[in-house]
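J.: 3D model of this:
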Amino acid sequence: MDQLRDFLDAIKASGVATGHFRGLLFVLIGLPIKAADGTPLSSGMSWRAAASALKACRWDRLAVQELGLDPSDLAPRDREKYWYTAISRADLGSSLARSSAESFARAVAPLGFTIGDSAAESPLSSDRHA
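T.: As a prediction, this is how the structure comes out:
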């Protein structure tokens, strides 16, 4: 989990998730993430684990506005519940989520992270849209 936190801290510091928050959630939940040296950081996780990771790295709570959510409508004092609710309302099964994940994967590549196990499983692969 520490390596995943390093991933989240790196993308938070670089700002590459701005405008791709839905894509970040899609990647955290459903796709493998690897470091530049091939070390697996995550193989996908539950909504609860993703909410816990966002809480642990103190992700900006206003990011939910990218999902069309009002931060004041979410649990103000329980950050894990806040993020869990945001994830549940993010419509991660949509084509919008997939295209945001593709953009996000391209944005994190220069930081040394790989999204997906192989070209066939990568969100950048055109085969995934078939």
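
J.: Please count neighbours and contacts with C-alpha atoms only from this point.
T.: Fine.

J.: Tell me who's in contact with the residue nearest to the spatial centre of the chain.
T.: The centroid of the chain falls nearest to Leu24 when counting by Cα atoms, centre = their mean (2.1 Å). Shown in contact with Leu24 (Cα atoms under 8 Å, 6 or more residues apart in numbering): Ala17, Ser100, Ala101, Phe104.

J.: Sort out which one of those residues lies nearest Thr39 for me.
T.: Closest approach between these and Thr39, by Cα to Cα: Phe104, at 19.4 Å.

J.: Relative to Val16, how far out is the closest one?
T.: 7 Å (Cα to Cα, to the nearest Å).

J.: Looking at those two, which is more packed in?
T.: Phe104 (26 against 19; other Cα atoms under 10 Å).

J.: Let me see the contact set for the more buried one.
T.: Contacts for Phe104 (Cα under 8 Å, 6+ apart) come out as Val16, Ala17, His20, Gly23, Leu24.

J.: Return the backbone torsion pair for it.
T.: When read as degrees, to the nearest 10, the backbone of Phe104 gives phi -60, psi -40.

J.: what's the answer for Ser46, then?
T.: Dihedral angles (degrees, to the nearest 10) for Ser46: phi -70, psi 160.

J.: shouldn't it be in contact with Leu31?
T.: No: with contact defined as Cα atoms under 8 Å, Ser46 does not count as touching Leu31 (11.3 Å).

J.: can you tell me the helix or strand for Arg106?
T.: helix 95-108 (DSSP states H and E).

J.: Which positions within that helix qualify as buried?
T.: When burial is assessed from 16 or more other Cα atoms under 10 Å, helix 95-108 yields the following buried residues: Ala97, Arg98, Ser99, Ser100, Ala101, Glu102, Ser103, Phe104, Ala105, Arg106, Ala107, Val108.

J.: so what's the nearest residue to Ile11 once chain neighbours are set aside up against?
T.: Closest residue in space to Ile11, ignoring its immediate chain neighbours: Ala17 at 6.4 Å, by Cα to Cα, 6 or more residues apart in numbering. By Cα under 8 Å, 6+ apart, the residues touching Ala17 are Ile11, Leu24, Phe104, Ala107.
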